[in-house]
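S.K.: here is my input; please provide its structure:
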Amino acid sequence: MLQTVSLTKSYGAHLALNQLNLSVNAGEVYCLLGQNGAGKTTTINLILGFLEPSSGEILFDNKNINDSKGDRRKNIAYIPEVVMLYGNLTAIENLSYFSKLAGFNFTKNELENFLNQCGLQTDAHYKKLSGFSKGMRQKVGIAIAVAKDAQLILMDEPTSGLDPKATEEFTVLVRQLADSGKSVLMATHDIFNAVNVGTHIGIMKRGELIHTLKADEITAADLQKLYLQTI
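M.R.: Next up, the predicted model:
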């Protein structure tokens, strides 16, 4: 689904990302670990088109994501650390608005089903987001991704600031997305959650991908040890 080929981003003499090669297939959750400045967010921003690569390619469904012949990013959803939705609108209104921006026009029942599918309690559907917790806002953000049928979902520090219950609920949602054939690329500092939810794990340092691992072949304790040795 997603592949980066020798992806590089430099700012003058500073190399923010150096020859990054990674792939995320359908049904996979790829967790990128690394300190601040390791290149995780730069990678996501390049995929989203917020930054232009200095060299290398980003392939989506085996085609260059920057090919002017088609807007391949319409099949990508982004869930940042702080989900930026409209606080003065309800969950249903936010979902309806962003779905329409993506070209969909769902009924009220369909919108409610998306929110239910993503675990937002029914009594919150018609409440304004200004009173939502971070976990509740994330559920609306994931519902938007599901409604627009995004094939690739990018996440940046999604478990930061979540309590254990909200983190577990988030983990269940991500697994459901992967089980439905979606591809997920997640930048995170959460070692335990990376092992718990990921299928693959990459450890970055100073713009380079140092280690690539299968999550089911390493424990959280061993990953933490390797991570500390790497950084």
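S.K.: determine the longest helix present in the chain.
M.R.: helix 164-179 (DSSP state H).
S.K.: show me how far it is from its chain's centre.
M.R.: The chain centre lies 12 Å from the centre of helix 164-179; the measure is CA atoms, centre = their mean, to the nearest Å.
S.K.: and after it, which helix or strand comes next?
M.R.: Once helix 164-179 ends, the next helix or strand along the chain (criterion: DSSP states H and E) is strand 183-188.
S.K.: what helices or strands is that following strand leaning on?
M.R.: Where contact means 3 or more CB pairs under 8 Å, 6 or more residues apart in numbering; DSSP states H and E, strand 183-188 is packed against strand 14-24, strand 29-33, helix 40-48, strand 152-156, helix 164-179, helix 191-197. All C-beta atoms are positioned from the backbone trio N, CA, C, and that covers glycine.
S.K.: now, of those, which is deepest in the fold?
M.R.: Most buried of these by mean neighbour count (mean count of other CB atoms under 10 Å) is strand 29-33; its value is a mean of 26.
S.K.: now it and helix 40-48, what's the angle there?
M.R.: Interaxial angle of strand 29-33 relative to helix 40-48 (axes from the mean of the first three to the mean of the last three CA atoms, to 10 degrees): 140 degrees.
S.K.: what packs against strand 29-33?
M.R.: Packing partners of strand 29-33 (3+ CB pairs under 8 Å, 6+ apart): helix 40-48, helix 164-179, strand 183-188, helix 191-197, strand 200-205.
S.K.: just to revisit the earlier point, how about the longest helix of the chain as PDB, C-alpha atoms only?
M.R.: Extracted as PDB, the C-alpha positions of helix 164-179 are listed here (Å, rounded to 0.1, in the frame of the first residue of the first chain):
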ATOM      1  CA  PRO A 164      -4.900   3.400  30.300                       C
ATOM      2  CA  LYS A 165      -8.600   2.800  29.400                       C
ATOM      3  CA  ALA A 166      -8.600   5.200  26.500                       C
ATOM      4  CA  THR A 167      -5.300   3.700  25.300                       C
ATOM      5  CA  GLU A 168      -6.800   0.200  25.300                       C
ATOM      6  CA  GLU A 169      -9.900   1.500  23.500                       C
ATOM      7  CA  PHE A 170      -7.700   3.100  20.900                       C
ATOM      8  CA  THR A 171      -5.700  -0.100  20.500                       C
ATOM      9  CA  VAL A 172      -8.900  -2.100  19.800                       C
ATOM     10  CA  LEU A 173      -9.900   0.500  17.100                       C
ATOM     11  CA  VAL A 174      -6.500   0.300  15.400                       C
ATOM     12  CA  ARG A 175      -6.600  -3.400  15.300                       C
ATOM     13  CA  GLN A 176     -10.100  -3.300  13.800                       C
ATOM     14  CA  LEU A 177      -8.900  -0.900  11.100                       C
ATOM     15  CA  ALA A 178      -6.000  -3.300  10.200                       C
ATOM     16  CA  ASP A 179      -8.300  -6.300  10.300                       C
END
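S.K.: could you name the helices and strands sitting against that helix?
M.R.: Counting by 3+ CB pairs under 8 Å, 6+ apart, the packing neighbours recorded for helix 164-179 are strand 29-33, helix 134-147, strand 183-188, helix 191-197.
S.K.: between these, which one is closest to residue 99.
M.R.: With CB to CB as the criterion, residue 99 lies closest to helix 134-147 of the helices and strands packed on helix 164-179, at 4.7 Å.
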